[in-house]
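> coordinates for the following, if possible.
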Amino acid sequence: MSTPGTSGKSTPLLTATSSSTRSKPVVLETSHLHLQTHGPSGRRMINQYVIEDELGRGVHGKVRLARDTETGEKVAVKIVEREGKKRLGAPSRDQELERQREKERKRLLWTTDQKVKREIAIMKKLAHENIVRLKEVIDDPASKKVFMVLEYMEGGEVQWKDERGFPTLTVDEARRTLRDIVLGLEYLHYQGIIHRDIKPANLLLDKDQKVKISDFGVSHFSYALLVANGGLPSMDSDTEKQKDPSLADDRELAKTAGSPAFFAPELCLAGEAPSAQTGTIRHTEKDQASTPKEEDNTSIQNRSRPPITKAIDVWALGVTLYCLLFGHVPFTADNEFALFSVITREDYELPAHMGADRIQIGPRRKRWIYQQPWTDEEGDVDEMHENTKEADVDVNTLSEEALMVRDLLDRLLEKDPSKRIKLDEVKKHPWLTRDLENPPLWLSETDPSHLPFVEVTHEDVETALTGFNKFKQTLKRLQNKFWS
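Below you'll find the predicted structure:
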């Protein structure tokens, strides 16, 4: 079973003098693919890598274990199918019109190649101990596949539940896991990168049980976020012309990408018409008079859709913490459409115990429920009413740690993104720093401002696939020159 390390200290310690964290990552770019058979094992070889077992499947491809025959090092190779290449003929009038339309569509529609280019361009720039490192890109123009060579995470995915659906991590292990995720996510946001798919399946463990964030297939580089962090000057008109819309257009964030169970409410509201709100929000009796905050929380579906920001990662972090503690997601439904309704309209329940060590934290019933309009003329009982019959635990009987976790979960799973806890506040939360010897020192040493800013440019994206794109760009320039 893969679980995070049990030491009281979290990783990494990013000091201003650390050369390993400040140095620019070196990613090899290989444009030649040589397939052969490895004599001793009979296995397939891709260049110097012997391909072994499948490790998993990501958004855009499968991942295989491999061994570098030159160094003996184990690596993970992500194999991505590139989209079919289109013939580049003489630009007729119709082709010219189509090219203009395609330029307009580029802001709204990405091809597989564009998504892969974006992932590679982003990963080439990242250098952090809680982010999986990209080591090499093998991109042969004659191949239908792109090979991304990544550091091998020996511990595999964080194992957070057993076959019965019970949590496998203790509360202390869940806290240390969350702490590593926060450090990696804080670095990404500092660099203007929104991950968009934070979930346990994208959290991997190295041989030292350090948790690292993986799979940047749907990640988004926000120029505005990097500017806000002080990493770049405000965008002028010239920069606006040069920026890649597939990276810097924050409207792209409104598209639903990632895993639905981890979607923030503001993502679930995208495209939802206000007239669709036919049901009502009903507070449980206890909360009607005592918790006005929930009224604000439940009203998100009655307003226009909030802006989509890095707060979507914070919500996903909250869902992930819930998974680590309880062994299941907080919101479920029979289908995706119904799930979006539940996420935007309903509270979550707290089970009686958290973690494999079963520390009491509840039960706590839903503080409000969404009451569907009556459809059965003869019905006399609202099925959701059964939820109100279970008594809540007396909070005065709970431990200090349980109260801390309840507070953190409530703030992470705040439906209104403007009121949701910020990542720097999560990092300072007393539960997250609970077992650290010197929290102020840890906060200072892990501050990402010690690290240099990175910027993912249009050129970075266009040249991310080293072989095919350079060939295609050269051919297009020659065609344009000939037909101009």
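
> how many residues are close by residue 427?
Using other Cβ atoms under 10 Å, residue 427 has 19 other residues around it. For every residue, glycine as well, the C-beta is placed using N, CA and C.

> got the contact list for residue 399?
By Cβ atoms under 8 Å, 6 or more residues apart in numbering, the contact list for residue 399 reads 359-360.

> where do the helices of the stretch 151-300 of the chain begin and end?
For the stretch 151-300 of the chain, helices defined by DSSP state H, counting those that start in this stretch occupy the ranges 171-190, 223-228, 237-242, 245-248, 265-268, 285-290, 292-298.

> ok, now the stretch 1-150 of the chain?
Under the criterion DSSP H, counting those that start in this stretch, helices of the stretch 1-150 of the chain are mapped to 19-22, 93-105, 112-125.

> so which elements touch the last one?
Right, the one you point to is helix 112-125. Packed against helix 112-125 by the contact rule (3 or more Cβ pairs under 8 Å, 6 or more residues apart in numbering; DSSP states H and E) you find strand 74-81, strand 134-138, strand 145-151, helix 245-248, helix 458-462, helix 468-483.

> and with 6 Å instead?
When contacts are defined as 3 or more Cβ pairs under 6 Å, 6 or more residues apart in numbering; DSSP states H and E, helix 112-125 sits against helix 458-462.

> what's around residue 26, how many residues?
Per other Cβ under 10 Å, the neighbour tally for residue 26 reads 10.

> how about the one 4 residues further on?
When counting by other Cβ under 10 Å, one arrives at 18 neighbours for residue 30.

> how close does it sit to residue 114?
Distance, residue 30 to residue 114, using Cβ to Cβ, to the nearest Å: 21 Å.

> again, but for residue 310
Taking Cβ to Cβ, one finds residue 310 at 22 Å from residue 114.

> who's more crowded, these two?
Using other Cβ under 10 Å as the criterion, residue 310 and residue 114 rank with residue 310 on top: 22 against 19.

> wait, that one touches residue 196, no?
No: using Cβ atoms under 6 Å, residue 310 is not in contact with residue 196; the gap is 9.7 Å.

> pLDDT weak spots in the stretch 301-450 of the chain?
Counting by pLDDT under 70, the stretch 301-450 of the chain shows low-confidence ranges at 301-303, 370-390.

> same thing but 80
Applying pLDDT under 80 to the stretch 301-450 of the chain flags the ranges 301-305, 368-390.

> the stretch 1-150 of the chain too?
Using pLDDT under 80, the flagged stretches of the stretch 1-150 of the chain are 1-25, 57-61, 82-115.

> same thing but at 50, please
Applying pLDDT under 50 to the stretch 1-150 of the chain flags the ranges 6-22, 85-88, 105-109.

> hey, where'd the strands end up in the stretch 201-350 of the chain?
Using DSSP state E, counting those that start in this stretch, the strands of the stretch 201-350 of the chain run over 203-205, 211-213, 220-221, 280-283.

> now do the last one, average pLDDT.
Read that as strand 280-283. Averaging pLDDT along strand 280-283 yields 50.

> got it, and the third one?
Within the predicted structure, the mean pLDDT of strand 220-221 is 86.

> each with direction, which strands does it pair with?
Paired neighbours of strand 220-221 in the sheet (DSSP bridges): strand 193-194 (antiparallel).

> now tell me what touches the partner strand from outside.
Residues outside strand 193-194 that contact it (Cβ atoms under 6 Å, 6 or more residues apart in numbering): 219-222, 310, 313.

> what about residue 33, how many residues nearby?
Using other Cβ under 10 Å, residue 33 has 17 neighbouring residues.

> which ones are touching it?
The contact partners of residue 33, taken as Cβ under 6 Å, 6+ apart, are 138, 140, 143.

> and for it, nearest residue in space, chain neighbours not counted?
Excluding the flanking residues, the one nearest residue 33 by Cβ to Cβ, 6 or more residues apart in numbering is residue 140, at 3.6 Å.

> burial count for the one you found?
Residues near residue 140, counting by other Cβ under 10 Å, number 20.

> what do you get for residue 174?
28.

> that one reaches residue 326, doesn't it?
No: with contact defined as Cβ under 6 Å, residue 174 does not count as touching residue 326 (9.7 Å).

> strands of the stretch 351-484 of the chain, start to end?
Per DSSP E, counting those that start in this stretch, the stretch 351-484 of the chain carries strands over the ranges 353-354, 359-360, 368-371.

> would JSON lines of those with mean neighbour count and distance to residue 406 be doable?
Putting the strands of the stretch 351-484 of the chain into JSON lines (neighbours: other Cβ atoms under 10 Å; distance: least, Cβ to Cβ, whole Å) gives the following:
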{"stretch": "strand 353-354", "mean neighbour count": "24", "distance to residue 406": "10"}
{"stretch": "strand 359-360", "mean neighbour count": "16", "distance to residue 406": "11"}
{"stretch": "strand 368-371", "mean neighbour count": "19", "distance to residue 406": "16"}
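
> can you redo those strands as CSV with distance to residue 259?
Below are the strands of the stretch 351-484 of the chain laid out as CSV (distance: least, Cβ to Cβ, whole Å):
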stretch, distance to residue 259
strand 353-354, 22
strand 359-360, 27
strand 368-371, 22
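
> and these: which comes nearest residue 268?
Smallest distance to residue 268 across the strands of the stretch 351-484 of the chain (Cβ to Cβ): 12.8 Å, for strand 368-371.
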